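In: got a predicted model here, sequence first, then my questions.
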Amino acid sequence: MRSWQSPVVPRLAASGERPRVFDTASRTLRPVGDAQTGAARMYVCGITPYDATHMGHAFTYVTFDLLNRIWRAAGLDVRYVQNITDVDDPLLERATATGVDWTELATGQIDLFRADMEALRVLPPDEYIAVTEFIDPVVELIERLAAEGSVYQLDDPEYPDWYFRCRHGGGIGTISHLSEDEALAVFAERGGDPERPGKADPLDCLVWRLERPGEPSWDSTLGRGRPGWHVECTAISLQHLGPRFDVQGGGSDLAFPHHEMCAAQAVAATGEPLAEAFVHSGMVGLDGEKMSKSLGNLVLVSTLRAEGSDPMALRLALLAHHYRADWFWTSADLAAAEVRLDRWRRAAARPAGEAADATVSEIGAALCADLDAPAALAAVDAWAERTLNGVGSVPGAPADVARAVDALLGVDLNPAV
Ligand code: 5CA
Ligand code: ZN
């Protein structure tokens, strides 16, 4: 699938410093990116396109955009892959409820997402893959899992769907640290079917759903049907990045079951771990609840843009929160970001100001220390404050800080057009 247009990233002198990020699985800060090969491979779970980009989605993609940018600044060659879950229960339910064709619903929402990502200056993935264009490789992966005895057909005369044995290739809690009881509760909330009769284990996950009347389906050796959710990300990431890639990313709602199931499937199929680190952004909420399509309490990037918000202010509002924090969106976030953007732009427009080097290093160091965007923002705030107060008279320094702010934080300080 076509991704979106990349912003131009100003080149900085390669810092060589590898970032450290928090790995949910080992609960440690780990350096990520391969210092030996100079490569960094990242997979970030993409949208299920049935409601346009909300600020929670934007927070997650801006988070991994920071990692992408700091890797590039370190001189690493980044390979970035993202999926689109363009066939799944919630999308089909929404299409039915609103009387819209499911493919039209998905296409419209993907277009909106692309436009939002472009406006927010998020670097596009190198491969942007919808599951509907990846059915054959998904089936091949399930066949491989079948050969290992890791999937089975349900004992159900009407719909003998295919399930993955969730304990093959891992144990429950390996990434999420949930107990069995917690896992059961969360599984039911996040698309799982622990109560379905005939399963070998309540936590086994669906990998191939046989055709139901009126649902999209594809011919395959498993019977005519469609993929279950988790196996799409396992198939896409393994094919385009190979096992043991550097970072598997997404919001913290994906740690279980999604990333655990993907990780277990990868081990069961290849004998190797899926990824070196599993990195999760916090959840953005609204009015005391998680912002989610199913709850309908959404603040959409496209709405705020249509109301005239500068996308760079939206980006700064997101960056003001550390990626691992859960937080609630309020209009005060945007108001504070607008004030900050205005100050930064005024400072950046000066012909001379305080020397740039220390501030540029502080931004890089903050991002390398578990993507500490708030600390990076504080460094730029302090520089802007001093420059606006006439401290320093180094010609070109404001332009140098602006280049670093653009390259590392993705914030364009040219006046809004
Ligand atoms: N298609 C699957 C992943 S394979 C999915 O979770 N789609 S999604 O549209 O629901 O979410 C897209 C991304 O945004 C995921 O990484 C998810 O973890 C993240 N996300 C969803 N809601 C929020 C939220 N309220 N705050 C932060 N991130 C969120
Ligand atoms: Zn995924």
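Out: Cool, the structure landed. Ligands and ions are numbered 1, 2, ... in the order given.

In: distance of the closest residue to ligand 2 within the stretch 251-400 of the chain relative to ligand 1?
Out: The nearest approach of the stretch 251-400 of the chain to ligand 2 comes at residue 258, 5.5 Å away (CB to the ion). Glycine gets a C-beta too; all of them are placed from N, C-alpha and C. Here residue 258 is placed at a distance of 6 Å from ligand 1 (CB to the nearest ligand atom, to the nearest Å).

In: on the three-state scheme, the nearest residue to that residue once chain neighbours are set aside is what?
Out: Using CB to CB, 6 or more residues apart in numbering and skipping the chain neighbours, the partner closest in space to residue 258 is residue 230 (5.7 Å). Assigned with DSSP: H, G, I helix; E, B strand; the rest coil, residue 230 falls in the helix class.

In: count the neighbours of the residue of the stretch 251-400 of the chain closest to ligand 2 for me.
Out: Residues lying near residue 258 (other CB atoms under 10 Å) number 23.

In: that one contacts residue 250, correct?
Out: Yes. At 7.2 Å, residue 258 counts as touching residue 250 under the criterion of CB atoms under 8 Å.

In: and the next element down the chain from the lowest-mean-pLDDT helix or strand in the chain?
Out: The helix or strand of the chain with the lowest confidence, counting by mean pLDDT, DSSP states H and E, is strand 289-290 at a mean of 78. Using DSSP states H and E, the helix or strand that follows strand 289-290 in sequence is helix 301-306.

In: packing partners of that next one?
Out: helix 55-73, helix 102-119, helix 311-319 (3 or more CB pairs under 8 Å, 6 or more residues apart in numbering; DSSP states H and E).

In: one more time with 7 Å
Out: If contacts are counted by 3 or more CB pairs under 7 Å, 6 or more residues apart in numbering; DSSP states H and E, helix 301-306 sits against helix 102-119, helix 311-319.

In: can you pull the buried residues of that helix?
Out: For helix 301-306, the buried set under the neighbour-count rule, 16 or more other CB atoms under 10 Å, comprises 301, 304, 305.

In: near ligand 1, anything from it?
Out: No. Helix 301-306 does not reach ligand 1 (CB under 6 Å from any ligand atom); its nearest approach is 12.1 Å.

In: which bits of the protein sit near ligand 2?
Out: For the chain, the residues in contact with ligand 2 (CB under 5 Å from the ion) are 45, 233.

In: returning to that earlier point: okay, the helices and strands packed on helix 301-306, which one's buried deepest?
Out: For the helices and strands packed on helix 301-306, the largest average neighbour count (mean count of other CB atoms under 10 Å) is found in helix 311-319, namely a mean of 24.

In: and the contacts of that helix?
Out: 58-59, 62, 119-121, 301, 304-305, 333-334, 337-338, 340-341, 373, 377, 409-412 (CB atoms under 7 Å, 6 or more residues apart in numbering).

In: do the same with stretch 164-176
Out: With CB under 7 Å, 6+ apart as the criterion, stretch 164-176 contacts 24-25, 145, 150-152, 179-180, 183, 200-201, 203-205, 207, 255-256, 259-261, 263-265, 267-268, 278.

In: and stretch 145-154, by the same measure?
Out: For stretch 145-154, contacts defined as CB under 7 Å, 6+ apart pick out 142, 160-165, 168-169, 198-200, 207, 265, 268-269.

In: swap the cut-off to 10 Å and go again
Out: With contact meaning CB atoms under 10 Å, 6 or more residues apart in numbering, stretch 145-154 is reached by 141-144, 159-169, 196-200, 204-208, 210, 221-223, 231, 234, 264-265, 267-271.

In: ok, now stretch 383-399?
Out: With CB under 10 Å, 6+ apart as the criterion, stretch 383-399 contacts 340, 342-360, 362-363, 400-401, 405, 413.

In: stretch 27-34 now?
Out: 17-23, 39-42, 67, 70-71, 74-78, 177, 244-247, 275-277, 279, 368-370.

In: if any of the contacts of stretch 145-154 are buried, put those into a PyMOL selection.
Out: Buried residues within the contacts of stretch 145-154, by 16+ other CB under 10 Å, are selected in PyMOL with:
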select buried, resi 141+142+144+161+162+163+164+165+166+168+169+199+204+205+206+207+208+210+222+223+231+234+264+265+267+268+269+270
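
In: among the contacts of stretch 145-154, which are located in strands?
Out: 162, 163, 164, 205, 206, 207, 208, 210 (DSSP state E).

In: who in the stretch 1-150 of the chain is up against ligand 1?
Out: 45, 46, 47, 48, 56, 57, 59, 60, 83, 85.

In: go again using 5 Å as the cut-off
Out: The stretch 1-150 of the chain comes close to ligand 1 at residues 45, 47, 48, 56, 57, 59, 60, 85, as judged by CB under 5 Å from any ligand atom.

In: ligand 1 versus the residue nearest to residue 162 when sequence neighbours are not counted, what's the distance?
Out: Excluding its sequence neighbours, the residue lying closest to residue 162 (CB to CB, 6+ apart) is residue 208, at 3.9 Å. Residue 208 sits 17 Å away from ligand 1, going by CB to the nearest ligand atom.

In: list the contacts of residue 208.
Out: Counted by CB under 10 Å, 6+ apart, residue 208 has contacts 138-139, 142, 146, 151, 153, 161-164, 218, 220-228, 231.
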